[in-house]
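Enquirer: this is a predicted model, with the sequence first.
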Amino acid sequence: MISVGAVGTEAVLVDEIPFPSVITTTKPLSLLGHGITDIEIHFLQIKFTAIGVYLDPEIVGHLQQWKAKKGTELAEDDDFFDALISAPVEKFIRVVVIKEIKGSQYGVQLESSVRDRLAADDKYEEEEEEALEKIVEFFQSKYFKKDSIITFHFPATSPTAEIVFTAEGKESSKIKVENANVVETIKKWYLGGTRGVSPSTISSLANTLSAELTK
């Protein structure tokens, strides 16, 4: 069971949406990066989701070779984010819906992004296709109202992910993803440096970790 925001933890506002500064899974994880996904159409910014990235503070021990690098440098350094993704520590991504969309739209976006990356790395086989189809199916029937929450939990020791969807007034539903290649690529979708879906989240993570590494 994941407890969100124990008493006494402060919330960080991401586009007016509160994110607890700490959540507890098997242990407390700290909010080390946050941002939004958006697009610009005719100079108008449309925001889709707010994102919070929670990591085991022990992550800093796995990133020592980037000590003394500025946040702006880290944000451009995909090797740094590859090391972050592969570090054997617990990771948790909380995504809150700003603009209503159908779950199927989100599912297809995730699927095509993951599929393209796997195909580029020559890792897209039948098993990966099946795992992705299950994720698309999971989101198919959902409706992403404003303030609905999607979370991705990546345990420290197993190459699996648990995706949970929660909408107001409804019971949470979840799916476990057990294909290691798909799990890794979902991490890259959100945490993949210059290839990540949210540049603001990557920049925020880089700045926070740069500050942590200089301590």
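Expert: Structure received. Numbering: from 1, shown residues only.

Enquirer: next one, pLDDT for residue 88 please.
Expert: pLDDT, the model's per-residue confidence, is 96 for residue 88.

Enquirer: distance check, residue 149 against residue 92.
Expert: 12 Å (CB to CB, to the nearest Å). Every residue, glycine included, has its C-beta placed from N, CA and C.

Enquirer: poorly predicted segments of this protein, please.
Expert: Under the criterion pLDDT under 70, the flagged ranges of the chain are 1-9.

Enquirer: quick one: the strands in it?
Expert: Listed in chain order, the strands found in the chain under DSSP state E are 3-4, 11-14, 17-20, 22-24, 28-41, 44-55, 91-97, 101-102, 143-144, 149-154, 161-166, 173-177.

Enquirer: ok, and which of those has the densest surroundings?
Expert: Here the criterion is mean neighbour count by mean count of other CB atoms under 10 Å, and of those the winner is strand 91-97, at a mean of 23.

Enquirer: convert the C-alpha atoms of it to CSV, please.
Expert: As requested, the backbone C-alpha atoms of strand 91-97 are provided in CSV (Å, rounded to 0.1, in the frame of the first residue of the first chain):
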residue,chain,number,x,y,z
LYS,A,91,11.1,5.1,-8.5
PHE,A,92,7.6,6.4,-8.6
ILE,A,93,6.0,8.7,-11.1
ARG,A,94,2.7,10.5,-10.3
VAL,A,95,0.8,12.0,-13.2
VAL,A,96,-2.2,14.3,-12.6
VAL,A,97,-4.6,15.1,-15.5
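
Enquirer: please name whichever of the strands of the chain is nearest to residue 129.
Expert: Go through those one by one with CB to CB and the one that ends up closest to residue 129 is strand 173-177, at 13.1 Å.

Enquirer: paired strands for the closest one, with orientation please.
Expert: strand 161-166 (antiparallel) (DSSP bridges).
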